[in-house]
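> The sequence and its predicted three-dimensional model are supplied below.
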Amino acid sequence: MSIASDMLRGHTDTIILAQLMQNDSYGYKINRAIVEKTGGQLELKEATLYTAFRRLEQVGYISSYWGDENTGARRRYYSITPLGVEQYYRLAAEWEQSMRLLQRLIRPDEG
């Protein structure tokens, strides 16, 4: 069963920032990590991923730089900024609160 895209639509930024909390990375590698961590149930579309990168960079949550690979195409790497770390923690807290509220609404006996 794959996860409905509607369920994740508002969390793309949080997912990307969470990946960058671990280390700098580039688009393809971030997407591969998402696929691996979700057992193949989630893969961001390339347009979604790069639109999010542009948006996150414009507001100062991430920065980018060109890698210095010796072979193959040069890669644009992304790193989280201090402002991005703050935003990640805010978004993660909002996600936790949302999950608690949904738990109460969907499974009231468990909430």
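Structure received. This is a predicted model, so every value here is computed, not measured.

> helices and strands around whichever helix in the chain runs longest, which ones?
Selection of the longest helix in the chain by residue count, based on DSSP state H, yields helix 82-106. Counting contacts by 3 or more CB pairs under 8 Å, 6 or more residues apart in numbering; DSSP states H and E, helix 82-106 is packed against helix 12-22. The way it works is simple: take the backbone N, C-alpha and C, and place the C-beta from them, glycine included.

> So which residues make contact with the helix or strand that the helix it packs on is followed by?
Later in the chain than helix 12-22, the nearest helix or strand by DSSP states H and E is strand 25-26. Under the contact criterion CB atoms under 8 Å, 6 or more residues apart in numbering, strand 25-26 has outside partners Gln19, Ala33, Gly67, Arg75, Arg76, Tyr77, Tyr78.

> go again using 7 Å as the cut-off
Gln19, Arg75, Arg76, Tyr77, Tyr78 (CB atoms under 7 Å, 6 or more residues apart in numbering).

> Report how many residues lie close to the third one.
The reference is to Arg76. For Arg76, the number of neighbouring residues by other CB atoms under 10 Å comes to 13.

> ok, it - contacts?
Tyr26, Ser64, Trp66.

> And stretch 8-15, end to end?
Separation of the first and last residues of stretch 8-15 by CA to CA, to the nearest Å is 9 Å.

> now do stretch 39-54
Using CA to CA, the end-to-end distance of stretch 39-54 comes to 27 Å.
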